[in-house]
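A.B. asks: Sequence and predicted model, in that order:
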Amino acid sequence: LAKTTQPISMDSYEGQEVNITCSHNNIATNDYITWYQQFPSQGPRFIIQGYKTKVTNEVASLFIPADRKSSTLSLPRVSLSDTAVYYCLVGDRNTGGFKTIFGAGTRLFVKA
Amino acid sequence: GAGVSQTPSNKVTEKGKYVELRCDPISGHTALYWYRQSLGQGPEFLIYFQGTGAADDSGLPNDRFFAVRPEGSVSTLKIQRTERGDSAVYLCASSPTGSGANVLTFGAGSRLTVL
């Protein structure tokens, strides 16, 4: 399983764009990259998933370079409610289920 | 149901007691996962079911922990002879299949406190 490395914490201010980068140097050919968000007292919630290049949805964008050894979650114009822990995960799309490894995540704190 | 439901939301027990935690996944989801999350840490994988069978139970810490999913829907995580170190939030998630590209939907968790 590909291991991921993320910054432990980040601070930002309301209205700013936040970019969280995740390293996954040993990502395999069939691996997808998925990001989850977790608020206190809740389970993680899916944000975005991608395989290569760029993916965008109503919440975030995910940038994946050609070598796929890293990925960057971009949150446009964050608000106080974006304060949460963000997890980057890498998993094989072809096997019948995978042992999703979350790691410690990145704690984002958005200030007013 | 509309989401993943976990009961109880909170459980306080004494050391040495037996505990059951229940997970009701999204209807039709064949894959079901259990995780354990300690304060300040990310979720730690425990076990994964594909249908009724445990496809991967390598995350169960020891033989005091086991889980069942007899009809391929509801799952129960069972902890025998609880220890103080078992205190954590136990998260359940489900997905349409077990494919790695599938998205996991999590429940709110069951907070277990062992006194």
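C.D. replies: Nice, I can see it.
A.B. asks: Could you use CA atoms for every contact and neighbour count after this?
C.D. replies: Fine.
A.B. asks: mind showing which ranges of chain B have poor pLDDT?
C.D. replies: Scanning chain B for pLDDT under 70 picks out B:1, B:98-101.
A.B. asks: just chain A next, same as before
C.D. replies: A:1-2, A:93-100.
A.B. asks: Show me the strands in it, by range?
C.D. replies: A:9-13, A:18-23, A:31-38, A:45-50, A:53-56, A:61-64, A:70-75, A:84-92, A:106-111 (DSSP state E).
A.B. asks: Can you tell me which of these is most buried?
C.D. replies: strand A:84-92 (a mean of 25; mean count of other C-alpha atoms under 10 Å in any protein chain shown).
A.B. asks: Paired strands for that strand, with orientation please.
C.D. replies: With DSSP bridges as the test, strand A:84-92 is paired with strand A:31-38 (antiparallel), strand A:106-111 (antiparallel).
A.B. asks: so which of the strands of chain A comes closest to residue B:89?
C.D. replies: strand A:31-38 (13.2 Å; C-alpha to C-alpha).
A.B. asks: gap between the two ends of stretch A:76-85?
C.D. replies: By C-alpha to C-alpha, to the nearest Å, the extent of stretch A:76-85 from end to end equals 16 Å.
A.B. asks: Look up how far chain A lies from the one residue sitting closest to the centre of chain B.
C.D. replies: Of all residues in chain B, the one closest to the mean position by C-alpha atoms, centre = their mean is residue B:34, 3.2 Å from it. Separation of residue B:34 from chain A (C-alpha to the nearest C-alpha, to the nearest Å) stands at 10 Å.
A.B. asks: Nearest residue to that residue in space, please, no chain neighbours.
C.D. replies: If the residues on either side of it in the chain are set aside, residue B:34 comes closest to residue B:92, at 4.6 Å by C-alpha to C-alpha, 6 or more residues apart in numbering or on different chains.
A.B. asks: I'd say the residue nearest to the centre of chain B and residue B:91 touch.
C.D. replies: Yes: using C-alpha atoms under 8 Å, residue B:34 is in contact with residue B:91, at 5.7 Å.
A.B. asks: In contact with the residue nearest to the centre of chain B, which residues?
C.D. replies: If you count contacts by C-alpha atoms under 8 Å, 6 or more residues apart in numbering or on different chains, residue B:34 has them with B:45-48, B:77, B:90-93.
A.B. asks: top of those residues by neighbour count?
C.D. replies: residue B:92 (33 neighbours; other C-alpha atoms under 10 Å in any protein chain shown).
A.B. asks: quick one: that one and residue B:77 touch, right?
C.D. replies: No: applying C-alpha under 8 Å, one finds residue B:92 not in contact with residue B:77, separated by 9.5 Å.
A.B. asks: okay, now residue A:105: neighbour count?
C.D. replies: 27.
A.B. asks: What of residue A:57?
C.D. replies: Residue A:57: 10 neighbours (other C-alpha under 10 Å).
A.B. asks: separation between it and residue B:38?
C.D. replies: 31 Å.
A.B. asks: Please apply the same query to residue B:31.
C.D. replies: 23 Å.
A.B. asks: Neighbour count: the two, which is higher?
C.D. replies: Each of residue B:31 and residue B:38 has its neighbours counted (other C-alpha under 10 Å); residue B:31 has more, 28 against 15.
A.B. asks: residues from chain B in reach of chain A?
C.D. replies: B:31, B:40-45, B:48, B:50, B:56, B:91, B:97-109 (C-alpha under 8 Å from any C-alpha of the partner chain).
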